[in-house]
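Colleague: Build me a model from this:
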Amino acid sequence: MKIMPLAGRGIEASRLVLGCMPFGGSWDPKDPITREDRLQAEKAVDAALSIGINMFDHANIYTRGKAEETFGALLKDRPQLREQMIIQSKCGIRLQDGENPGRFDFSKEHILEAVDDSLGRLGVEYLDILLLHRPDPLMEPDEVAEAFGKLKASGKVRYFGVSNMSVSQIKFLQRSLPDQLAVNQLEMSLGHTHFLDQTIFVNQQAGAQVNFAEGLIEHCQMENIQLQAWGPLAQGRYTGRSTQGEPEKVQKTAALVARMAKEKETTPEAIALGWLMKHPAKIQPIIGSANAGRIVACQDAERQSELMTREEWYTLYVSAIGQPMP
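Modeller: Numbers count the residues shown, from 1 in each chain. Below you'll find the predicted structure:
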């Protein structure tokens, strides 16, 4: 797998990222991390490394901290892996606790505390990248900038980014930051094509149903902000999961992906990811799986993106949206 400079910065990242949300077992805080949970995570990491993945995506809330803790236990046993890895985590979501509702929190206090907690669970001295997880309507950019500045000065975080943010939200935050945001992580896949629909259905009635910030993809490309895709395999909808009961367009697209994979002697995962990676924005898919076999099945994605023709790409897109081009 090829290595690319992440948005032109000093991080040499793989085109694919392993998302670690499934690590650590259940989301119930009462459930301990089991030996099987640790073994599954180790197999997943080894599978990722075996196909050239060197970037790993976390969040402080994943399995309520157990995902980072599980990953940290692996690094404790194999400390030599840390320098081979790019570790990214997120903060800003606070889960319901007691009478407090689930909420977002971009306060300086929370950001600093969340990073310290993540570093402790992971057992590392720094994060390569920290993302703000979801937009906080109470965000004060100057306060975020103070937190970022302190984290960078202390060496706890190298680069910063966001997740699920629009152009206006990025610009609003960016005006207070001395350094350019490095990443924006968004949902993008054959099952969530709004990032393309926003471009294609300009001045079309079909565009009225598009739920994607206008100009976001173009803005990130122009500002050298790396686009990352969460949910790039659409929860397996096109790569082997049963499509019984799914809309006809999903069933037809799953069959099309399977047929293309067979013809090209590759896997459905490689076709679905290759379609996403064909986009000139050089989107970085985040594989959210702890299944070693499924991770390895993604290894041909970059090659398939390079081989995929414009006609094949549009055939997949038209099938996924279930209607002809305008």
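
Colleague: does residue 175 really touch residue 141, like I thought?
Modeller: Yes - applying Cβ atoms under 8 Å as the test, residue 175 and residue 141 come out as touching, 6.5 Å apart. (Glycine included, C-beta is placed from N, CA and C.)

Colleague: between these two, who's got more neighbours?
Modeller: Ranked by neighbour count (other Cβ atoms under 10 Å), residue 175 and residue 141 place residue 141 first, with 16 against 10.

Colleague: Okay, that one and residue 157: tell me how far apart.
Modeller: 17 Å (Cβ to Cβ, to the nearest Å).

Colleague: Please apply the same query to residue 300.
Modeller: From residue 300 to residue 157 the distance is 33 Å (Cβ to Cβ).

Colleague: cool, residue 238 as well?
Modeller: Separation of residue 238 from residue 157 (Cβ to Cβ) stands at 35 Å.

Colleague: Residue 173: neighbour count?
Modeller: 23.

Colleague: ok, which stretches of the stretch 1-150 of the chain are strands?
Modeller: Secondary structure of the stretch 1-150 of the chain (DSSP state E, counting those that start in this stretch): strands at 3-5, 12-14, 17-19, 55-57, 86-91, 93-94, 103-104, 127-132.

Colleague: Lowest average pLDDT across those strands?
Modeller: Note on these: strand 3-5 shows the lowest mean pLDDT, a mean of 73.

Colleague: buried sites along that strand?
Modeller: residue 4 (16 or more other Cβ atoms under 10 Å).

Colleague: what does stretch 143-150 give?
Modeller: 143-145, 147-148.

Colleague: which one among those residues gets closest to residue 218?
Modeller: Lowest distance from residue 218 to those (Cβ to Cβ) belongs to residue 144, with 24.2 Å.

Colleague: Without its sequence neighbours, what residue ends up closest to residue 164?
Modeller: residue 134 (5.1 Å; Cβ to Cβ, 6 or more residues apart in numbering).

Colleague: Now do the contacts for the one you found.
Modeller: Residue 134 sits next to 92-93, 104, 163-164 when contact means Cβ atoms under 8 Å, 6 or more residues apart in numbering.

Colleague: May I ask which two of the residues you listed are separated the most?
Modeller: With Cβ to Cβ as the measure, no two of those lie farther apart than 104 and 163, at 11.3 Å.

Colleague: Can you check which residues contact both of the two?
Modeller: 133-134.

Colleague: Among those two, which residue is more densely surrounded?
Modeller: More neighbours surround residue 163 than the other of residue 104 and residue 163, with 21 against 17 (other Cβ under 10 Å).

Colleague: Could you report the distance from the more buried one to residue 187?
Modeller: 10 Å.

Colleague: same thing with residue 289?
Modeller: 16 Å.

Colleague: same deal with residue 139?
Modeller: In terms of Cβ to Cβ, residue 139 sits 21 Å off from residue 187.

Colleague: What of residue 218?
Modeller: Counting by Cβ to Cβ, the gap from residue 218 to residue 187 is 18 Å.

Colleague: ok, these two, which is more surrounded?
Modeller: residue 187 (16 against 13).

Colleague: Parallel or antiparallel, which strands does the lowest-mean-pLDDT helix or strand in the chain pair with?
Modeller: Every helix and strand of the chain was ranked by mean pLDDT, DSSP states H and E. The lowest is strand 3-5, at a mean of 73. Looking at strand 3-5 with DSSP bridges, its partner strands are strand 12-14 (antiparallel).

Colleague: quick one on the thing from earlier: between residue 163 and residue 187, what contacts are shared?
Modeller: residue 230.

Colleague: all strands for the stretch 151-300 of the chain, in order.
Modeller: Under DSSP E, counting those that start in this stretch, the stretch 151-300 of the chain gives strands at 157-163, 183-187, 226-230, 284-287.

Colleague: right, and the ones you listed - which one's nearest residue 209?
Modeller: strand 183-187 (16.0 Å).

Colleague: No further questions, thank you.
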